[in-house]
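S.K.: one predicted model, sequence on top.
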Amino acid sequence: MKSIPRNSSHAVAPGGFPWRQAAIVAAVALAVRVLFWLPASRSLFLQTPVVDASFFDLWARALTEGRVFQDQAFFKPPLAAYLLAALYRLGLDLPGVLALQLGVGIVTSVLTFAIGRLVFTAKVALAGAIAAAALPILPFFEAQLVAEAWTTALAQGSLLLFLLALREREQRPTLKLALAGLLLGLAALGRPNVLIVLPVLGVWLWRQGRAGRRPGWRALVPFVVGCVVAVSPATMHNLRHGEFTLVSANLGVNLLTGHSDQADGVSAIPVGVRWDGLQLEARQRGAATPGAFSALMTRDALRWAVAHPGRELQLLGTKILLLLNAREGRNNINPRWLAEQDGVFVLARWWPGTWLLLPLAVCGLVFLPREPRVDLLRWLIVVQAAAILPFFVAARFRAPLLPLAALFAAAFIAQLPVWRRTDRRRFLVALPAAAALFAVVNVDWCGLGRDRWLAADHFNLALIHSRAFGGRQPDPTLAGQHFRRAVELDPDDVDAHERFGAFLLTRAQPEVERARSLMAAGRMTEAAAARAQAAPVLEEAAGHHARALELYPRSHRSALNLGLCRLWQGELSALGLGPASTSADATVAAAALAYYGLAGEALQTAARIDPTWNDPRQALQDVRRRALALPAVTPAVEAAQNRLRSAGAGGAP
């Protein structure tokens, strides 16, 4: 069997690095990023940080201003926040940061080319690096305030230094290995699971030593030392807050995302209703710190996995399909939204992307002959891909593996004519396998192309339009339209219902206050108009909060907000009572009392879910006061008020 053609020395002669070819790779990467940025920069998603990007932006701004963002161990990896803070201090704004990160993506493409030159032939290295440079999903993440642009470049730089250090007669190999470890440690500050490559490198070095090829496993020592030096500031920070956590304490919740009744293999647990519920549950179970929370969630996830073996196997199969699928599992922003709604055509299905790369890359991983450095890259990809499977599979987690995968795709294409001449059996197996993989990869097994997956984008746009950012003023009308579309596309999205309900509640509040003021001033007609305007908004808000509570019964915020809706509905009804009792007042008072009763039930639910929360108890006192203030226009109203008085301050009407 003929081995992969490669540079026999595994090295480029000193001063002989092909800068012209590297410039071609950089030019392709630049062109793709310009084509991406021109339409994408007009998208609100790239003008306003959302989800994780919003978290890192707030964290970075707190660091820039010298404020303490979270006085505890790191929950999320700190690299993105600290880098952003440094860039903000230098005067860069959001577009400047994103442009810089796109430039880092160009550097990553060149690093991929340099790695390819040390492992494969010059032609394969060039073709693979160009393929990586043309992948649109990479600039998609580079243009977000997350760590992927930096961690991918750092990991590629680490691998390049590692390979350079192992060349024969290499000068200062120990220093290069230490620097390689330092870069990997820095990457781990943004993506802790990249540390899974350490045992891969160790085993590979050990096998090299056993085969008589220097150096053996001892070469890992300076690499590990460099890695520890880079990671230690995060570890020391966490120790100062009383927790031994290497980088960050988000392992447990990510595990729970992949192993629970709600797990679907692709969806995260966003900050919102379910996230608040998990935090509350953890505090009630004695896990009040990030490390304790992570440990608790880890135990819960493992217990669930043991108790549901059949479902675990089903989820594993789903995640493998998602890992290989051409559809990009959404995370924070849906690439499909930018492609279809914002005109970012490089993200369109026809552009050379994962739909073309992944089948060829998988075939390269499977069929390319064994050779030490090829094996190293092979196992780095396979092990890091496998490390995603315990959690959930999103495009953001798969993207860092694509530059190396592009090299295997190019090597597979280059080997096909060689096998056709010299290894007919392998050729006849590899070609149909590639065709089968094209079919498998390009089937939307998990329905990621359905419009339901756009609901989260409408939801995020609603949040963007509901608040000011960077000089842009809120647009409540557009916010309401996007909220409404989000719940239409995904009626079971608890966060969409809760946030839409809260948005409507804030919209109704000024009208409730206006109606109250107008009534006190004796302007009855105007007060009636304000009541008529607020009433349907409150009813719609109550419906969404009730639906959120139905979807997630431990949503203490939904219960509180539902109680406030009913309280204000009761107040609006009470404002309709005339100065002198009439027969119509009996109906109005009964309606107000009924709303107060519903408010009391919802607020008591909130208080039961979180007994330490003062807001529901204070609102209950307000409900009781207003119910007792109603005129006793009928014996039924008077009897209800007497029952309320005998029930005490905590009773509901």
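M.R.: Thanks, I have it.
S.K.: so which residues of the stretch 1-150 of the chain form strands?
M.R.: Taking DSSP state E, counting those that start in this stretch as the criterion, the stretch 1-150 of the chain contains no strands.
S.K.: buried ones in stretch 303-311?
M.R.: For stretch 303-311, the neighbour count (16 or more other Cβ atoms under 10 Å) marks 304, 305, 308 as buried. C-beta here means a position set from N, CA and C on the backbone, and glycine is covered the same way.
S.K.: one more: stretch 480-491?
M.R.: 480, 482, 483, 485, 486, 487, 489, 490.
S.K.: tell me the pLDDT of the second one.
M.R.: pLDDT, residue 482: 97.
S.K.: that one contacts residue 455, correct?
M.R.: No - counting by Cβ atoms under 8 Å, residue 455 is not a contact partner of residue 482; they are 9.9 Å apart.
S.K.: who touches both of these two?
M.R.: Common neighbours of residue 482 and residue 455 are not found (criterion: Cβ atoms under 8 Å, 6 or more residues apart in numbering).
S.K.: any idea how far residue 591 is from residue 400?
M.R.: According to Cβ to Cβ, to the nearest Å, residue 591 stands 59 Å off from residue 400.
S.K.: with residue 441 instead?
M.R.: Using Cβ to Cβ, residue 441 is found at 19 Å from residue 400.
S.K.: cool, residue 58 as well?
M.R.: Distance from residue 58 to residue 400, by Cβ to Cβ: 25 Å.
S.K.: which of the buried residues of stretch 303-311 lies closest to residue 616?
M.R.: Distances from residue 616 to these, taken as Cβ to Cβ, are shortest for residue 304 (30.5 Å).
S.K.: hang on, the earlier thing: who has more neighbours, residue 58 and residue 400?
M.R.: Ranked by neighbour count (other Cβ atoms under 10 Å), residue 58 and residue 400 place residue 400 first, with 22 against 13.
S.K.: the more buried one contacts residue 155, doesn't it?
M.R.: Yes - assessed by Cβ under 8 Å, residue 400 is found in contact with residue 155 at 6.5 Å.
S.K.: how far off centre is the helix or strand hosting residue 436?
M.R.: Counting by DSSP states H and E, the element that carries residue 436 is helix 424-441. Relative to its parent chain, helix 424-441 has a centroid offset of 34 Å by Cα atoms, centre = their mean, to the nearest Å.
S.K.: for residue 266, grab the count of nearby residues.
M.R.: Neighbourhood size, residue 266 [other Cβ under 10 Å]: 23.
S.K.: quick one, phi psi at it?
M.R.: Residue 266 adopts backbone torsions of phi -130, psi -20, taken as degrees, to the nearest 10.
S.K.: I'd say it and residue 396 touch.
M.R.: No - between residue 266 and residue 396 there is no contact, the gap being 11.1 Å when judged by Cβ under 8 Å.
S.K.: for residue 280, which non-adjacent residue is spatially closest?
M.R.: Nearest residue to residue 280 in three dimensions, chain neighbours excluded: residue 610, at 5.8 Å (Cβ to Cβ, 6 or more residues apart in numbering).
S.K.: can you pull out the low-pLDDT segments for the chain?
M.R.: Flagging of the chain using pLDDT under 70 yields the residue ranges 1-15, 578-584, 646-653.
S.K.: which residue ranges make up the domains of it?
M.R.: Listed by automatic domain parsing, the domain ranges of the chain are 19-441, 491-647.
S.K.: can you give me how far the first one is from the chain middle?
M.R.: Spelled out, that is domain 19-441. 13 Å.
S.K.: cool, and the shortest one?
M.R.: Here the centre of mass of C-alpha atoms in domain 491-647, compared against the chain's by Cα atoms, centre = their mean, lies 36 Å away.
S.K.: could we number from 21 for the rest of this?
M.R.: With the count now opening at 21, the last piece we talked about shows up as domain 511-667.
S.K.: touching, residue 593 and residue 616? I think so.
M.R.: No - if you go by Cβ under 8 Å, residue 593 and residue 616 don't touch, sitting 9.1 Å apart.
S.K.: need the helices for the stretch 171-320 of the chain, in chain order.
M.R.: Ranges of helices in the stretch 171-320 of the chain, per DSSP state H, counting those that start in this stretch, are 193-208, 217-230, 240-260, 271-278, 293-304, 310-327.
S.K.: buried ones in the third one?
M.R.: The reference is to helix 240-260. Within helix 240-260, the residues scored as buried using 16+ other Cβ under 10 Å are 240, 242, 243, 244, 246, 247, 250, 251, 254, 255, 257, 258.
S.K.: residues in contact with the fifth one?
M.R.: Contact criterion Cβ under 8 Å, 6+ apart gives 197, 198, 199, 200, 201, 202, 203, 204, 205 as the residues in contact with residue 246.
S.K.: spatially nearest residue to the last one, not counting backbone neighbours?
M.R.: This points to residue 205. Spatial nearest neighbour of residue 205, chain neighbours left out: residue 250 (2.6 Å); criterion: Cβ to Cβ, 6+ apart.
S.K.: try the fourth one
M.R.: The shortest distance from residue 200 to any residue other than its chain neighbours is 3.7 Å, reached at residue 181 (Cβ to Cβ, 6+ apart).
S.K.: neighbours of the one you found, how many?
M.R.: Residues contacting residue 181 under the criterion other Cβ under 10 Å number 24.
S.K.: residues touching it, list them.
M.R.: With Cβ under 8 Å, 6+ apart as the criterion, the residues that contact residue 181 are 196, 197, 199, 200, 203.
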